[in-house]
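# here you go, sequence then predicted model.
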Amino acid sequence: MAGKKDIRELYKQAYEHVRNNHYEEAVEMLQEIMSRAEKSGEHYLCARALNSLGVSYSGIGNGLMALDCFLRGLEYATEHKVEGAAHYFYNNIGSRYQELGNYDQALSYFALAQLDLETFLTLCEENALNYIVTYMNLADCYRYHGAFERAEYYFAKTREVIEKYRVLEYVFPLELCVMHMHMDQKDESYVSEHLPALIKYAADGKKNLPDYSKCVRQLANMLLEGKQYAYLEELLSAYEQVANDSDSVQMRMLLFELRMEYFKAIEDEERYREACVNHSVWYQRWRQQENEETILAMNIKIQLRKAELDMREVQKKSEIDSLTGVKNRYALNREEKIMMARCKENEKCFAAGILDLDSFKELNATYGHMEGDEALRRVATLLHQVISPYGEVYRLGGDEFITIIEDADERICESIASQLGEALKEMHIANAKAMGDGCLTLSQGFCYGVPKEQQTADHFFAKADRLLYEAKHTGGNTYVIRKYEE
C-alpha cells in the first residue's frame, strides 16, 4: 500500500506542475508514474497520468504527441475496463476539434464525455472539476450552433457546480463563455454591463493556468472586434504578469502575438514592429524548446519500448521449456485461464489432451539420456507442427505433454490424435525394447465439451488424464476421446 500511496503523491506533484505550466518537469514525472502505476495494477492512475501527459505536450505545443496520448488513453481505458476515465480523453480530443473550428465533431466527443462521467462518477467535491469542464464544453458547442437555450442550460449547471464546491478558478472561463453567447445574440447592454467584471476575472484567473491562455486569447479577440482597447490594455498587462511568473515560452509568445494585433489595430507602427521582433525571438525559443521536448519524448518512448520488449523476452524465456522449445507449465497456468474464460463467454467447446510417450524409460535406458533428449525434441517439434493450427501444446515434464484447443469437437480431436500417431510412426525413432515394431509410440487421452460456469481447466485435464491411462492399459500407441460429462 505504501508504494501505491507514493505513486499517488507523485502524481499530485506532477499535476501541480501541469497546472503551473511547468511542462518539462511534468513530462518526466508522468512517464515514471505511468510505468510504476502499470506495474502495480493502478490502471485508473495510469490513465490519469497518460491524460496529463497529453495536456503537457499540448501545453508545450506538440499537438500530435498530445493527440497520441489521448487516443492511447482511450484504448487503455477500454482494454483495462477503467471506469470513469474515458471522459478525460473525450474532453481533450473534443477540445482539439473545437480549437480547429470543427464544433460538430467536438460536440460528439463532449457528449461521450458526459455519458462516461455521469455513468461512473458521482458529482462530489472530488469530481466537481470534471463536471465543470464537461458541462462548459457542451455549453460552448451549443452556443456556437446557436442553440442558446441548450447552452444556457449547461451554463447554469456549470455555475451551480462552481458555486456549490467553490471551484472559483473556473469563474473566468465560465463568464467568458457566457459573454461570448451574449455577443452572438447582439446583447450590447449585457456586454457593456459585464465587461469590466470579466476583465477583473481575467486578472484574478491565474490559478487556472492550463485554460488561462486559451481564455485570454478568446477575450482579446472579443475586445479587438469590439474596439475595446482600454480593456485590452488591462488584459495584456495582467497576462504579462502571469507570463513572467510562469516562465513559459508559450505564454510570452502569445503575449507578443496579442500585442502585435493590438498595435496593428491602433496603427502604432513603431510598437507593432517592436512586438514583431520580440515575437520572432520567442518563436525561435519555442521551436528550440519543442525540438528538445520531442527528442526527450522520443528517447523516453524508445527506452520504455525497449524495457517492454526486454520484459516480454524475459517472460517468453521463463515460459518456454529449455529442452524442447515448446511452452512449459508456467505458460499453461497463465493461458488455460484465458482460454477457458473465452470458451465460457462464447459458449464454445474446450478440449484438453494429455499425451505420453510409450516405454520412454526403456529408450533412455537403452540409448542413453542424450538420445532420449533428442527424441523429446523431435516429438515436441512434431506436436507443435500438428497442434499449432488448432491450439497450444505444453511440456509438463519428462515425456508428458498437454494440449488445449478452443472450439474443438470430437472430429478435430480425432484428426489431431490420428495425425500425431501416424506422423510419429513415420519418424521411426528407435526404441528396441518397446512393444510392436521397435519404434517410439504415443498414447493420448482427449476430452472436450462446453464448460459450465463452475468448471475449470483442471476438470478437463483430470478427465483427459484418466482417458490417457485407459489408452495405456490397452497396450498404448492409441488414443481415447470422449465428451466431458460430470
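Done, it's in.

# now do the SS call for the spatially closest residue to L332 that is not a sequence neighbour.
In space, L332 comes closest to Y394 once its chain neighbours are excluded; the distance is 4.4 Å by Cβ to Cβ, 6 or more residues apart in numbering. In this view, the C-beta of every residue, glycine as well, is placed from N, C-alpha and C. Following DSSP: H, G, I helix; E, B strand; the rest coil, the label given to Y394 is strand.

# now do A464: how many residues are near it, please.
26 (other Cβ atoms under 10 Å).

# if I pick it, what's in contact with it?
Each residue near A464 by Cβ atoms under 8 Å, 6 or more residues apart in numbering is listed here: 352-354, 402, 445-447.

# check the residue nearest to L332 and give its pLDDT.
Here, the pLDDT recorded for Y394 equals 96.

# bridged to it, which residues?
For Y394, the beta-bridge partners are K327, I402 (DSSP bridges).

# could you tell me how far it is located from D356?
Separation of Y394 from D356 (Cβ to Cβ, to the nearest Å): 13 Å.

# isn't G391 up against I404?
Yes - using Cβ atoms under 8 Å, G391 is in contact with I404, at 5.3 Å.

# need the residues touching each of those two.
The contact sets of G391 and I404 overlap at A351 (Cβ under 8 Å, 6+ apart).

# who has more neighbours out of the two?
In this view G391 and I404 are compared by other Cβ under 10 Å, and I404 has more residues nearby, 25 against 19.

# SS state for that one?
Per three-state DSSP, I404 ends up strand.

# could I get the contacting residues of it?
Counting by Cβ under 8 Å, 6+ apart, I404 has contacts 332, 335-336, 339, 350-353, 391-392, 394, 457.

# closest to W282 among these?
E335 (55.8 Å; Cβ to Cβ).

# can you point out the buried residues in the helix or strand containing that closest one?
Counting by DSSP states H and E, the element that carries E335 is helix 329-346. For helix 329-346, burial by neighbour count (16 or more other Cβ atoms under 10 Å) applies to 331-332, 335-336, 339-340, 343.

# kindly report the same for stretch 253-269.
In stretch 253-269, counting by 16+ other Cβ under 10 Å, buried: 253-260, 262-263.

# and stretch 266-277, how far from the chain's centre?
Between the centre of stretch 266-277 and the centre of its chain there are 47 Å (Cα atoms, centre = their mean, to the nearest Å).

# pull the CA atoms of it into CSV?
Only the C-alpha atoms of stretch 266-277 are listed here, as CSV (Å, rounded to 0.1, in the frame of the first residue of the first chain):
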residue,chain,number,x,y,z
ILE,A,266,-4.5,51.1,-33.3
GLU,A,267,-2.0,51.8,-36.2
ASP,A,268,1.0,52.2,-33.9
GLU,A,269,3.7,51.1,-36.4
GLU,A,270,6.7,51.6,-34.1
ARG,A,271,5.4,49.4,-31.3
TYR,A,272,4.0,46.9,-33.8
ARG,A,273,7.5,46.4,-35.3
GLU,A,274,9.0,46.0,-31.8
ALA,A,275,6.3,43.4,-30.9
CYS,A,276,7.1,41.5,-34.2
VAL,A,277,10.8,41.4,-33.3
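
# any chance you could list what contacts that stretch?
229, 256, 259-260, 263-264.

# strands along the stretch 301-450 of the chain, start to end?
Secondary structure of the stretch 301-450 of the chain (DSSP state E, counting those that start in this stretch): strands at 350-357, 391-397, 400-406, 442-449.

# direction included, what does the last one pair up with?
Same thing as strand 442-449. Short version: by DSSP bridges, strand 442-449 pairs with strand 350-357 (antiparallel), strand 479-483 (parallel).

# the longest one vs strand 400-406, what angle?
Using axes from the mean of the first three to the mean of the last three Cα atoms, to 10 degrees, one finds that strand 350-357 and strand 400-406 are set 160 degrees apart in direction.

# can you check the shortest one too?
Here strand 479-483 runs at 40 degrees with respect to strand 400-406, directions being taken by the same axes, to 10 degrees.

# mean confidence for strand 479-483?
Rounded mean pLDDT across strand 479-483 is 95.

# check the longest one too.
For strand 350-357, the per-residue pLDDT values average out at 96.

# that strand vs helix 329-346, what angle?
Using the same axes, to 10 degrees: strand 350-357 against helix 329-346 is 150 degrees.

# okay, and the helix or strand of the protein with the least pLDDT?
Counting by mean pLDDT, DSSP states H and E, the weakest-scoring helix or strand in the chain turns out to be helix 269-318, with a mean of 74.

# ok, now how distant is the closest residue in space to Y448 that isn't next to it in sequence from K327?
Spatial nearest neighbour of Y448, chain neighbours left out: A351 (3.9 Å); criterion: Cβ to Cβ, 6+ apart. Computed with Cβ to Cβ, the distance linking A351 and K327 is 17 Å.

# neighbour count: the two, which is higher?
It is A351, of A351 and K327, that has more neighbours when counted by other Cβ under 10 Å, with 29 against 21.

# tell me how far the more buried one lies from P451.
Distance from A351 to P451, by Cβ to Cβ: 10 Å.

# over to E371?
40 Å.

# who's more crowded, those two?
P451 (19 against 15).

# can you give me phi and psi for the more buried one?
Note on P451: its backbone torsions stand at phi -70, psi 140 [degrees, to the nearest 10].

# skip the chain neighbours and tell me the closest residue to it.
F350 (5.0 Å).

# is G475 located within a strand, as I assumed?
No - counting by three-state DSSP, one finds G475 to be coil, located in no strand.

# how deep is it tucked in, by neighbour count?
Neighbourhood size, G475 [other Cβ under 10 Å]: 12.

# where's the nearest residue to it once chain neighbours are set aside relative to E362, distance?
Distances taken as Cβ to Cβ, 6+ apart place M435 nearest to G475, at 6.6 Å, with adjacent residues excluded. From M435 across to E362, the span is 10 Å (Cβ to Cβ).

# pretty sure K483 is touching V450, no?
No - between K483 and V450 there is no contact under Cβ under 8 Å: 9.7 Å.

# closest to L115 among the buried residues of stretch 253-269?
Checking these against L115 with Cβ to Cβ, the nearest one is L254 at 33.6 Å.

# host element of that closest one?
Using DSSP H and E, L254 falls in helix 249-265.

# show me the domain layout of this structure.
2-305, 329-483 (automatic domain parsing).

# export those to JSON lines and tack on distance to L323?
Listed next are those as JSON lines, based on distance: least, Cβ to Cβ, whole Å:
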{"stretch": "domain 2-305", "distance to L323": "31"}
{"stretch": "domain 329-483", "distance to L323": "6"}
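
# worst mean pLDDT among those?
Among the domains of the chain, domain 2-305 scores lowest, with a mean of 87.
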